[in-house]
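K.L.:
turn this into a structure:
(chains A, B, C, D and E)
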Amino acid sequence: MKKRDILTPIGIGLGATMILVGIYFNSGFGGVTTFIQISSIVVVIGGLIGALMINFNMTELKLSWRIVKEVFNKSDHNLRELIQLFITLSEKARREGLLALESELEEIDDEFIKKGVYLAIDGIEPEVINDIMNAEIAAMEERHRKGRMIIEKAGEYAPSWGMIGTLIGLVLMLNNLESPETIGPSMAIALLTTFYGMVLANLVFLPMAGKLAGKTEEEVFMKQVIVEGVIGVQSGQNPKILEEKLSAFLSTEDLKQPEEVEEEEELAGETVNET
Amino acid sequence: MKKRDILTPIGIGLGATMILVGIYFNSGFGGVTTFIQISSIVVVIGGLIGALMINFNMTELKLSWRIVKEVFNKSDHNLRELIQLFITLSEKARREGLLALESELEEIDDEFIKKGVYLAIDGIEPEVINDIMNAEIAAMEERHRKGRMIIEKAGEYAPSWGMIGTLIGLVLMLNNLESPETIGPSMAIALLTTFYGMVLANLVFLPMAGKLAGKTEEEVFMKQVIVEGVIGVQSGQNPKILEEKLSAFLSTEDLKQPEEVEEEEELAGETVNET
Amino acid sequence: MKKRDILTPIGIGLGATMILVGIYFNSGFGGVTTFIQISSIVVVIGGLIGALMINFNMTELKLSWRIVKEVFNKSDHNLRELIQLFITLSEKARREGLLALESELEEIDDEFIKKGVYLAIDGIEPEVINDIMNAEIAAMEERHRKGRMIIEKAGEYAPSWGMIGTLIGLVLMLNNLESPETIGPSMAIALLTTFYGMVLANLVFLPMAGKLAGKTEEEVFMKQVIVEGVIGVQSGQNPKILEEKLSAFLSTEDLKQPEEVEEEEELAGETVNET
Amino acid sequence: MKKRDILTPIGIGLGATMILVGIYFNSGFGGVTTFIQISSIVVVIGGLIGALMINFNMTELKLSWRIVKEVFNKSDHNLRELIQLFITLSEKARREGLLALESELEEIDDEFIKKGVYLAIDGIEPEVINDIMNAEIAAMEERHRKGRMIIEKAGEYAPSWGMIGTLIGLVLMLNNLESPETIGPSMAIALLTTFYGMVLANLVFLPMAGKLAGKTEEEVFMKQVIVEGVIGVQSGQNPKILEEKLSAFLSTEDLKQPEEVEEEEELAGETVNET
Amino acid sequence: MKKRDILTPIGIGLGATMILVGIYFNSGFGGVTTFIQISSIVVVIGGLIGALMINFNMTELKLSWRIVKEVFNKSDHNLRELIQLFITLSEKARREGLLALESELEEIDDEFIKKGVYLAIDGIEPEVINDIMNAEIAAMEERHRKGRMIIEKAGEYAPSWGMIGTLIGLVLMLNNLESPETIGPSMAIALLTTFYGMVLANLVFLPMAGKLAGKTEEEVFMKQVIVEGVIGVQSGQNPKILEEKLSAFLSTEDLKQPEEVEEEEELAGETVNET
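P.N.:
Residues are numbered from 1 along each chain as shown, chains lettered A, B, ... in the order given. Now for the predicted structure:
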């Protein structure tokens, strides 16, 4: 079962609450209603969607919808278990031959590992396995990049459309200066679109694009470890050396483990000669 | 027959409508006429064209005209059919020899595939085929890049020229403050050029450049699959392995297929060990 | 004889005219004189020159002067003729030997081709020829890059110095608010330096730097074709294959030819399977 | 024992003091209290934290906390001693064999050197040692990069959230223009959030990210020297040549030594022919 | 003896004069005194220094001081003489053997050439010489880059701190609107910090960083020619071919020579077929 990434809704909630708190402290509940202005929202969101429709094609737009949902899911990687799996596979392959791995396959859930081990059992050459699996990683990265790009572009267009809305409001207000008492509220409404654009960019689109980029990096990293592992298993590499090699990857991730204290030690002590 | 890319006109229409709605909700139809100001349009568009004429040469400017029309066309690639074609060609070549492919050529519409297969039949070495076809891809990419660059530059110059127009208006208004009742409308007109520049950049040029970049990427991708396929066919690669190799490319595109649901599954499940 | 690049002066003229039209439509001829303010021009241009003198050395500053003049010259490349020349040379070299090319050299005007063919006749190895000629291309590219960088930096400093001038004007005006009737004109003068800076950047420096970059790209491209051709001739490559190879370059440039219509066809039809 | 990097607290203190001095000189102690506005601080800090929670996952957020503490520690590298160590090891290895290095290991504190020398003693091939150690360097660089990225992102979001807070204040103020005497103070409060955002970015986040980047560069550099040294020792390279090779690295760091005067000479005299 | 680079002080002087002229033309000498405001200078300079202290460590800060002095020195390279030197060395080495070069060494001032020739005489292999000398070039480049980065960062922080100072001034002014006659001067003082920040960035830091980058490029270029020359001499390359190779570098620099007119010809005539 997938876990929820609770940080994303908490972050959005926190940002939104802080804005409400800022408004409430200044002007009470009356102030909050001031910030809801349908026609301003229509200009920013509508213009933004228009720009994105020109900028991307249908396939990409659909993709972005699916990608956005990903932001609320927590990836659940465990690098230690993965390394352990490959050491087990490597030992078995050296003892009983590559074909013996077939029985292990049923216990592996991950499709990417399965495919790699199948290729190894089929006796495909290591370079070819490397090519095929890396092509798949590159394709996944590319697919994620495209979905993320839409969110990034939304983060770029949002403040611009906010400014376009503000310019509309300012031009209309300046043409109608006769009643001085309406200048203030008119200008307030004009500034609201800039406010919407800035909030959309800095609370929704840009942070989401950041999280998606981090997720993609994590996926690619895990899959690279798998490729390294599959090739190590097939080439009959010594399990000790394979462990040494794969453990080099470990340092990026093992922060999740209880050894965190030790890691902290290490990070603080990455000096060469301590005297 | 070419299909129309309806997203581009819909996007432009949506953006323009949203702007009109924003204006109408604030000031009715009277407000809309305020936003048509010939002399401001002249400054932004004229200055922009002037800058582009200095920035590019005649060949490039003509190219951009043709490129802009491309934004309204929908590219109609089918990667699955393409892979199927190369598997068929590969099987035939292994059974009957490369020369037998000559009869298949008439059924292929695409000039790039045709050229590749001809080169293969002619017995040109794989590396040379690779060089020639990649040089052509690079040339196409370069040609597209140049056409797109004009649109991108237009997107950069437009807000700057909008600001130049606004500065002209402000300087003139500030020199003529005697009649206070004209200050508002004068400043409104001054701000209009910034508005034009922003809309041109964020509704027309930047999104269009984005779509053109996506189209080029798609072209390059399809052509790379073709190169891979032609070389696979010529080198007499096993059709199964060729399919495996080409299918790695598939994941980026197969989102168009009914299997989309499965794909969604996969995207959500790109974790390594799910417990 | 060199042809003039009429686009550059037309572009500058058009931009300047549009600015004048914008002013005239608002305030008639009186408005135009408002925009001539010697002390503002002095701050922008003087500050800009000062910054460039610190940023570059004498050699580079002299170089920029020569480079600026280039913007008004039209490059007159003909790739088709160039390819034809190398096919002729290639055929002659295969028939009569490399030494026979000596008689052809007198009819070649271009120094770079001449040098390459001399190296080929001298029996220098292809890799060495490649190294020497590419070093020369790199040196040319570097020289152009340096000259262009000054124009680019001018385009970066100009708006900043415009803003510095405006800040000077604003500070002085704010210190002297006693006479309200001078506030408007003082602020107008203050804004003029920003106006000058923006026009210099967006009508002169940035577009010029763009054109210079395009020219350099074109030069490099032509010279790379020449290197490819010289090496093909020396290595006694089959003229047919040489033509095939060099023609791959052609697609970028042949837009200049009457076949443009066909090209348009091709560009629109760069899809893989059209059904 | 770790030394404190006193520059970081001094820098923060200096910047904060300068701000206080600027305020005090203008308005005395009364002015300082004006700059403390809880609701503004809440919007900037809260919004910033919200954005970072969406942008990163829990592992990364924890990492950033540890990384921030690093900013206050001084790295204590000594390249000369390091080179001397490898010359000693190299001489011993040539005289008594690689196994003799085992006795030296106890005197080495640094884990990375220890691991390298162990690998060398174990007779692992140089390429494999190079791969393993460089993978570890890359992993460390990656870990540091991630921690630093949070600080960098904070430096990007801070001014944007400052502006969002200011927009909130402006909108509220403009809606409530009846009491003209409150306009000034309301706008002052509105501007405070921009002030907070700018100070956070330019006094805290961006300079800290800069220092972290410098620290990472230094670590990577030292570790690369170690890799070079370990491989030199194992391959039984002549200690003189090893010294020559490692000393090339020295020039970046030896500025810390008393020879600084000589270095200055050299830096000033990096001309080719002085006549 | 080192020559002074008079362009740097002239540029700074010119920029400063232009600012003074701009002020004087508007408000006479009285205006100039308005622009000296100690507390504003304290905020910009102090905040800037604080940010740099956090951003860099002591070694780097000291380095920047030495680097800044370099901006006022003129580098005095002569590529022609350098090439001539290597042709002479090459001829001597072919006639009398590499050892005969020892007597020439005393006449060479440049430490980098000396080191290279020593390595050649010692019979070190060309690849090793190449590695050692390029490592030294890379180290020099790195050292220069670090020193320059401080200046570049100063150019980034200066306008931000200027804006922070202006925000301080604005907040204080807005809190104290009772006496309308002080609004103007207070706002003038507020804007002064932005003015200081912009002038520091655009007249001092950014142009200086530009000149330092140019100097580094020149150093690296000369040293690469030396490496090429030393290896050519050692490998006993034909002096004619060595000259040909090194002369390819010449085109970037020979602009300093009287042949400049010819060069201009060449630059204008870099077309392929002139008809």
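K.L.:
and the helices in the stretch 101-250 of chain A?
P.N.:
Counting by DSSP state H, counting those that start in this stretch, the stretch 101-250 of chain A has helices at residues A:111-121, A:126-174, A:183-199, A:206-234, A:239-250.
K.L.:
return the distance of the longest one from the chain's centre.
P.N.:
Yep, that's helix A:126-174 we're talking about. How far helix A:126-174 lies from its chain's middle: 12 Å, per Cα atoms, centre = their mean, to the nearest Å.
K.L.:
what angle sits between that helix and helix B:183-199?
P.N.:
Helix A:126-174 and helix B:183-199 are oriented at 170 degrees to each other (axes from the mean of the first three to the mean of the last three Cα atoms, to 10 degrees).
K.L.:
quick check: A:Ser64 is in a helix.
P.N.:
Yes - using DSSP: H, G, I helix; E, B strand; the rest coil, the assignment for A:Ser64 is a helix.
K.L.:
what count of nearby residues applies to the nearest residue to it once chain neighbours are set aside?
P.N.:
Computed as Cβ to Cβ, 6 or more residues apart in numbering or on different chains, the closest residue to A:Ser64 that is not its neighbour in sequence is A:Ile150, at 3.9 Å. Bear in mind the C-beta positions are built from the backbone N, C-alpha and C, glycine included. Look at A:Ile150: counted by other Cβ atoms under 10 Å in any protein chain shown, it has 22 neighbours.
K.L.:
hang on, A:Gly184 packs against D:Pro180?
P.N.:
No - assessed by Cβ atoms under 8 Å, A:Gly184 is found out of contact with D:Pro180, at 10.6 Å.
K.L.:
which one's more surrounded, those two?
P.N.:
Each of A:Gly184 and D:Pro180 has its neighbours counted (other Cβ under 10 Å); A:Gly184 has more, 18 against 8.
K.L.:
quick check: pLDDT value at the more buried one.
P.N.:
Per-residue pLDDT puts A:Gly184 at 84.
K.L.:
ditto for A:Leu48
P.N.:
A:Leu48 is given a pLDDT of 94.
K.L.:
check which helix or strand covers it.
P.N.:
Secondary structure assignment for A:Leu48, by DSSP states H and E: helix A:38-55.
K.L.:
packing partners of that helix?
P.N.:
With contacts taken as 3 or more Cβ pairs under 8 Å, 6 or more residues apart in numbering or on different chains; DSSP states H and E, helix A:38-55 sits against helix A:126-174, helix A:183-199, helix B:7-34, helix B:206-234.
K.L.:
how about the residues of the stretch 51-200 of chain A that lie near chain D?
P.N.:
Within the stretch 51-200 of chain A, the positions near chain D by Cβ under 8 Å from any Cβ of the partner chain are A:71, A:74, A:181, A:183-185, A:187-188, A:191-192, A:194-195, A:198-199.
K.L.:
swap in 7 Å and give it another go.
P.N.:
Counting by Cβ under 7 Å from any Cβ of the partner chain, the positions of the stretch 51-200 of chain A adjacent to chain D are A:184-185, A:187-188, A:191-192, A:194-195, A:198-199.
K.L.:
returning to what we had before: got the buried residues for the helix holding A:Leu48?
P.N.:
A:39-55 (16 or more other Cβ atoms under 10 Å in any protein chain shown).
K.L.:
one more: stretch A:136-144?
P.N.:
A:136-137, A:139-144.
K.L.:
and that stretch, anywhere near chain B?
P.N.:
Yes - Stretch A:136-144 lies within reach of chain B by Cβ under 7 Å from any Cβ, at A:136, A:139-140, A:142-143.
K.L.:
may I see the residues you listed organised as CSV, with pLDDT added?
P.N.:
As requested, the residues of stretch A:136-144 next to chain B are arranged in CSV below (pLDDT from 0 to 100):
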residue, pLDDT
A:Glu136, 86
A:Ala139, 82
A:Met140, 85
A:Glu142, 85
A:Arg143, 83
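K.L.:
distance to E:Ser247 for the residues of the stretch 51-200 of chain A next to chain D - can I get that in JSON lines?
P.N.:
Putting these into JSON lines (distance: Cβ to Cβ, whole Å) gives the following:
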{"residue": "A:Gly184", "distance to E:Ser247": "73"}
{"residue": "A:Pro185", "distance to E:Ser247": "74"}
{"residue": "A:Met187", "distance to E:Ser247": "67"}
{"residue": "A:Ala188", "distance to E:Ser247": "70"}
{"residue": "A:Leu191", "distance to E:Ser247": "64"}
{"residue": "A:Leu192", "distance to E:Ser247": "66"}
{"residue": "A:Thr194", "distance to E:Ser247": "59"}
{"residue": "A:Phe195", "distance to E:Ser247": "63"}
{"residue": "A:Met198", "distance to E:Ser247": "58"}
{"residue": "A:Val199", "distance to E:Ser247": "61"}
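K.L.:
any weak-confidence spans in the stretch 51-200 of chain A?
P.N.:
Applying pLDDT under 70 to the stretch 51-200 of chain A flags residues A:75-76.
K.L.:
check chain A for the residue nearest chain C and tell me.
P.N.:
A:Asn57 (13.5 Å; Cβ to the nearest Cβ).
K.L.:
quick one, what contacts that residue?
P.N.:
Applying Cβ atoms under 7 Å, 6 or more residues apart in numbering or on different chains to A:Asn57 gives the contacts B:7, B:214.
K.L.:
show the backbone phi and psi for it.
P.N.:
Backbone geometry at A:Asn57, expressed as degrees, to the nearest 10, gives phi -100, psi 170.
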